[in-house]
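K.L.:
Starting from these lines, generate the structure:
(one chain, ligands or ions: 1)
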Amino acid sequence: MLSSCWLQWGGTSRAAEAALGAATSALPSPVFFLSELCVPLAVPYLDKPPTPLHFYRDWVCPNRPCIIRNALQHWPALQKWSLPYFRATVGSTEVSVAVTPDGYADAVRGDRFMMPAERRLPLSFVLDVLEGRAQHPGVLYVQKQCSNLPTELPQLLPDLESHVPWASEALGKMPDAVNFWLGEAAAVTSLHKDHYENLYCVVSGEKHFLFHPPSDRPFIPYELYTPATYQLTEEGTFKVVDEEAMEKVPWIPLDPLAPDLARYPSYSQAQALRCTVRAGEMLYLPALWFHHVQQSQGCIAVNFWYDMEYDLKYSYFQLLDSLTKASGLD
Ligand SMILES: O=C(O)CCC(=O)C(=O)O
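P.N.:
Got it, this is the predicted structure:
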């Protein structure tokens with residue numbers, strides 16, 4: 001009995017392997033087909049906010065990014081927010097600041113997945129650093145991706161809406177998080193993806209995005225890294241402290257600004273899309289799109305994260321992810 005089960009299992013497993021081999025060797029062609037069909041050459045602009053129906057039908061459902069103009073002009077923040085305004089109104093408020101030696105928080109550095117040192121600093125001190133009036137070791141970025149706007153800077157809430165009404169209606173939910181971002185030009189967000197429909201609003205300055213559609217997954221490498229955190233010493237140097245209790249983290253080692261194609265040759269088949277989001281503009285960044293972000297010095301932004309629907313699109317992405325891993329393309 002045992003041996004017949006074993007034989008049967010062995011047979012099934014060989015059949016599965018053959019099917020997998022066929023599927024993975026055919027992997028790039030549906031991906032190219034998808035990219036040609038669905039991925040624009042540039043991120044399109046809308047001159048005004050879409051209706052909930054248009055937003056859902058034209059952008060969310062086909063999982064396409066766009067930049068929306070004139071969607072924020074009724075926010076007092078657009079007129080009021082500046083570094084001097086923050087100094088006068090919320091300067092004494094302590095905020096969480098991500099501090100890194102090189103501007104990269106949550107990124108692969110060497111053989112580690114590095115997380116930032118997190119410091120609580122009065123916002124006025126961060127403003128001093130941004131304006132060149134004070135110095136602090138490393139690179140500062142006011143960012144904490146768990147609704148730091150309402151939790152850490154609630155005094156600023158009257159200056160904007162608590163959600164994006166046409167998006168909330170289209171998606172049938174309220175945002176899971178409303179995040180505030182303010183940092184130095186050297187602060188970079190490494191290439192990653194999220195399970196959020198992201199409405200990213202630039203209030204002052206500019207953000208530079210580099211995207212890859214989810215269909216580029218087979219060409220984007222992931223590896224497993226030991227997680228570690230930067231620790232800032234009294235002398236102002238950075239120590240790397242391994243997070244021994246944490247599991248290894250799957251992350252993208254590749255820098256899309258200077259890809260190491262000798263090491264990751266498949267990346268040459270991926271199609272990067274770039275855009276700059278300027279003050280007063282709102283980017284719709286669909287769930288599962290890979291993104292890498294840079295900014296101008298002192299750029300002020302707020303974004304709304306709406307949890308994605310775990311629907312067929314999500315399942316297709318998971319399938320592509322599994323096939324990519326199984327094929328060894330990673
Ligand atoms: O603005 C940034 O630096 C990163 C934004 C981001 O990664 C996100 O909103 O998911």
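
K.L.:
Every contact and neighbour count from this point should use C-alpha atoms.
P.N.:
OK.

K.L.:
Pretty sure residue 88 sits in a helix.
P.N.:
Yes: under DSSP: H, G, I helix; E, B strand; the rest coil, residue 88 falls within a helix.

K.L.:
now it: how far from residue 124?
P.N.:
9 Å (Cα to Cα, to the nearest Å).

K.L.:
The helix or strand where residue 323 lies: which residues count as buried?
P.N.:
Assessed by DSSP states H and E, residue 323 sits inside helix 312-327. Using 16 or more other Cα atoms under 10 Å as the test for burial, helix 312-327 gives 313-314, 320-321, 323-325, 327.

K.L.:
Check stretch 141-148 too.
P.N.:
For stretch 141-148, by 16+ other Cα under 10 Å, it's 141-144, 147-148.

K.L.:
ok, residues contacting it?
P.N.:
Contacts to stretch 141-148, defined as Cα atoms under 8 Å, 6 or more residues apart in numbering, come from residues 95-99, 176-184, 187.

K.L.:
among the residues you listed, which are in strands?
P.N.:
Among the contacts of stretch 141-148, the ones falling in strands (DSSP state E) are 95-99, 177-183.

K.L.:
Include neighbour count, distance to residue 244 and pLDDT when you put those residues into CSV, please.
P.N.:
Below are the ones in strands among the contacts of stretch 141-148 laid out as CSV (neighbours: other Cα atoms under 10 Å; distance: Cα to Cα, whole Å; pLDDT from 0 to 100):
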residue, neighbour count, distance to residue 244, pLDDT
95, 24, 27, 98
96, 18, 24, 98
97, 24, 23, 98
98, 25, 21, 98
99, 26, 21, 98
177, 21, 29, 98
178, 21, 31, 98
179, 22, 29, 98
180, 22, 30, 98
181, 19, 29, 98
182, 24, 31, 98
183, 26, 29, 98
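
K.L.:
Give me the phi and psi for residue 288.
P.N.:
Phi and psi for residue 288, reported as degrees, to the nearest 10, are phi 80, psi 0.

K.L.:
List the contacts of it.
P.N.:
193-196, 213-214.

K.L.:
Spit out the contact partners of residue 268.
P.N.:
Neighbours of residue 268 in contact, by Cα under 8 Å, 6+ apart: 219, 261.

K.L.:
does residue 84 sit in a helix, a strand or a coil?
P.N.:
Quick answer, by three-state DSSP: residue 84 is helix.

K.L.:
ok, back up a step: tell me which two of the contacts of residue 288 sit farthest apart.
P.N.:
196 and 213 (14.1 Å; Cα to Cα).

K.L.:
Check which helices and strands the helix holding residue 323 is in contact with.
P.N.:
helix 2-25 (3 or more Cα pairs under 8 Å, 6 or more residues apart in numbering; DSSP states H and E).

K.L.:
re the thing from before, the more surrounded of residue 88 and residue 124?
P.N.:
residue 124 (21 against 10; other Cα atoms under 10 Å).

K.L.:
The more buried one contacts residue 87, doesn't it?
P.N.:
Yes: look at residue 124 against residue 87 with Cα atoms under 8 Å: they come within range, at 5.5 Å.

K.L.:
Next, show the common contact partners of these two.
P.N.:
With Cα under 8 Å, 6+ apart, residue 124 and residue 87 have no common neighbours.
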